[in-house]
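> got a predicted structure plus its sequence, pasted below:
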Amino acid sequence: MQKNIMKAIDLDFLKRMLVSFKAATGIQAAFVDLEGNYIIEPVIEKGDSCFCELIRNSETGAKRCRDTMKRAGENSAKLGETYISRCHAGMVSLTMAVFCEDEHIGSIVCGPMTMWEW
């Protein structure tokens, strides 16, 4: 599938867009394939939360994270709109399915975010 993604999308351009989105909003953004694997990882800067990185450092946490992104991408594709979800660790993300010629080829995932005050 990654081969199709690379044919369908200018990944350098998409990465610049995701970096610009992060600069404008302060929210991390990544591009994932249909299985929830990173094609373009989020830009993490000094001062960003490393909560997700800690979760993904364990095999179980990484699998749960991928499963969450996969499921969110599938739901976004089915609904035809942005899908708001909460992961197994309680963080919130926005997921937008990306299509090429009516084929779901991956998703843009924005987050993590919290929807409440700590």
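Cool, the structure landed.
> from now on I want contacts and neighbour counts done on CA atoms only, so please keep to that.
Fine.
> what about the longest strand in the chain?
strand 103-113 (DSSP state E).
> where's the residue lying closest to residue 40 once chain neighbours are set aside relative to residue 115, distance?
Among residues not flanking residue 40 along the chain, residue 31 sits closest, at 4.9 Å (C-alpha to C-alpha, 6 or more residues apart in numbering). Counting by C-alpha to C-alpha, to the nearest Å, the separation of residue 31 from residue 115 is 22 Å.
> more crowded one of these two?
Neighbour count, other C-alpha atoms under 10 Å: between residue 31 and residue 115, residue 31 has more, with 24 against 11.
> secondary structure class for that one?
Per DSSP: H, G, I helix; E, B strand; the rest coil, the secondary structure class of residue 31 is strand.
> need the contact list for it.
Contact partners of residue 31, counting by C-alpha atoms under 8 Å, 6 or more residues apart in numbering, are 38, 39, 40, 41, 42, 106, 107, 108, 109.
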